[in-house]
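> Return a 3D structure for these sequence lines:
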Amino acid sequence: MYKIFVGNKPIVLTTELETETDFKNFMIDSVDINKVLAKLKKDKYKSVRLVGVDKDVLLKKFLALLPNVIAGGGKVYNANNEILFIFRNGKWDLPKGKAEAKETINQTALREVEEETGITGLSITKPLEITYHIFKRNDRHYIKVTYWFQMYSEYEGELIPQEKEGITKVKWIAETKLKKVLNNSYSNIKLLI
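Next up, the predicted model:
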């Protein structure tokens, strides 16, 4: 099962057709993605389910519905086991960004974290989940496919928000403060934490 977020509401890819309650079912082979997005805007639906027969091709079929934007990002820890967060568009988020030509996804993730936060000395410790969300730019919808990596840095210098990307704060967050931060974050970030 995959979840693709539109805001904080998920589109669930599944092989199980369940009785509709607070969600709406669509068959993935005949779905109109604009109808799906319209249903998610209505308050009575908490999610939409796209149902297919073959779980191995569900994601591939879904990704073919809209243009894809590939991104990389990091869940960065320091020596105090704090996690590095950015504050953008009124929400706490993890640093991430779009891949550039001829760049590996690992290189994208490291570059984007450095650019958005001012941190240096990063190393990737392991890959994490891939997240999916739909966003709209210039009246067109896209699916952002973000490859996440757990990272580590002993950097103790000044954190510098990349203001031209709309980032207003960069902060190390202790485990004891995570709940408060996650209350003002995105569903896909909550999954990673």
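
> Show me where the protein has its helices.
Assignment of helices within the chain using DSSP state H yields the ranges 33-41, 55-63, 105-117, 178-182, 187-192.

> now stretch 56-65: mean pLDDT?
Here stretch 56-65 scores 93 as its mean pLDDT.

> who touches it?
Under the criterion CB atoms under 8 Å, 6 or more residues apart in numbering, residues 2, 4, 11, 13-15, 28-29, 31, 33, 50, 52, 143, 145 lie in contact with stretch 56-65. Quick note: C-beta positions are derived from backbone N, CA and C, even for glycine.

> May I see the buried residues of the helix or strand of the chain with the lowest mean pLDDT?
Counting by mean pLDDT, DSSP states H and E, the weakest-scoring helix or strand in the chain turns out to be helix 33-41, with a mean of 88. Neighbour counts using 16 or more other CB atoms under 10 Å place 33, 36, 37, 39, 40 of helix 33-41 among the buried residues.

> before we move on, what about stretch 42-56?
Neighbour-count burial for stretch 42-56 flags 47, 48, 49, 50, 51, 52 (criterion: 16+ other CB under 10 Å).

> Next, count neighbours for the nearest residue to the first one once chain neighbours are set aside.
For residue 47, the nearest residue in space outside its immediate sequence neighbours is residue 23; the separation is 4.4 Å by CB to CB, 6 or more residues apart in numbering. The tally of other residues near residue 23 (other CB atoms under 10 Å) stands at 19.

> for residue 146, same thing?
Per other CB under 10 Å, the neighbour tally for residue 146 reads 26.

> Then the one 4 residues further on?
Here the number of neighbours of residue 150 (other CB under 10 Å) works out to 16.

> Can you give me the neighbour number for residue 191?
14.

> hang on, the earlier thing: out of the buried residues of helix 33-41, the closest to residue 78 would be?
Checking the buried residues of helix 33-41 against residue 78 with CB to CB, the nearest one is residue 40 at 36.9 Å.

> how does the protein divide into domains?
For the chain, the structural domains run 2-63, 68-192, going by automatic domain parsing.

> of all those domains, which has the lowest average per-residue confidence?
Averaging pLDDT over each of the domains of the chain singles out domain 2-63 as the lowest, with a mean of 90.

> so the least confident helix or strand of the chain versus helix 55-63, what angle?
If you take axes from the mean of the first three to the mean of the last three CA atoms, to 10 degrees, helix 33-41 sits at 90 degrees to helix 55-63.

> Alpha carbons of helix 33-41, as CSV, please.
Once non-C-alpha atoms are left out, helix 33-41 reads as follows in CSV (Å, rounded to 0.1, in the frame of the first residue of the first chain):
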residue,chain,number,x,y,z
ILE,A,33,-7.0,12.4,-11.6
ASN,A,34,-8.8,15.7,-11.6
LYS,A,35,-11.9,14.1,-10.2
VAL,A,36,-9.8,12.5,-7.5
LEU,A,37,-8.3,15.8,-6.5
ALA,A,38,-11.7,17.5,-6.5
LYS,A,39,-13.1,14.8,-4.1
LEU,A,40,-10.2,15.3,-1.7
LYS,A,41,-11.1,19.0,-1.5
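
> Perfect, I'm done here.
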